[in-house]
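Trainee: got a sequence here, can you build the structure:
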Amino acid sequence: MGSRQLVVFGFVLACVSFSDARILSMSQPDYWRVEDEPAAEPERVHSRESTQQADVLQAKQIQPAAEPLSWTFPEDPVDSVKETPVNYVLRQPATANRVAVRCGESRIQVEVSQDLLGLGKLINPGDLTLGGCSATEIDNLSHVLAFEYELHSCGSRRVVIENTLIYAFTLIYNPVSGSSSITRSQSAVIGVECHYLM
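Mentor: Sure, this is the predicted structure:
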């Protein structure tokens, strides 16, 4: 057992002394003594040749164009009309119909959007009447008030012009300001008619 330990110890000692010898044999550069030693002339022959070969290769790959390029960037489009036309009229966007009317043989149906004034504010259903008659149906999903009455009711006026019988109604929007908040809004009157040929 002792001889094995001796062999292993000897092997480890040999490895350590070999690595020490290798480290000691390496010399580190001394930057202070660079000026004392004569400067070695760099070898320029090979670099000059490789540069010349690269130039020749590049010249072979790049061939001059037979004729100059004729393509250019397109010009920006320019409007030829500098002034507005004399008869130009600015049109207002068309608003959605806020009142729809269906005339039957003996009845009238009127549907009114709760955004009657087009301001994005819904009107109170109690503030709108058809000739004094309140809405018969309120659609809370589509915000529509529906009026359905007989042609001779709700303050209708019957007028005959030539061969046409006209039933005229009046939609009246009269907002009532509540006591909790002050609401400024104007009242509105909209004429609704049903025409029948005689």
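
Trainee: which regions of this protein sit below the pLDDT cut-off?
Mentor: Where the chain drops to pLDDT under 70, the residues are 1-47, 59-65, 78-86, 88-96, 177-185.

Trainee: so where do the helices sit in it?
Mentor: 2-25, 45-61 (DSSP state H).

Trainee: could you check how many residues crowd around Gln109?
Mentor: Per other CB atoms under 10 Å, the neighbour tally for Gln109 reads 15. Quick note: C-beta positions are derived from backbone N, CA and C, even for glycine.

Trainee: no wait, Pro175
Mentor: Applying other CB under 10 Å, we find 17 residues neighbouring Pro175.

Trainee: just Gln114 next, same as before
Mentor: 20.

Trainee: does it touch Leu145 like I think?
Mentor: Yes. The pair Gln114 and Leu145 qualifies as a contact (CB atoms under 8 Å) at a distance of 6.3 Å.

Trainee: what touches both of these two?
Mentor: Pro125 (CB atoms under 8 Å, 6 or more residues apart in numbering).

Trainee: report the separation between Val192 and Gly104.
Mentor: Remark: distance between Val192 and Gly104 (CB to CB, to the nearest Å) = 14 Å.

Trainee: of the two, who's got more company?
Mentor: Ranked by neighbour count (other CB under 10 Å), Val192 and Gly104 place Val192 first, with 21 against 11.
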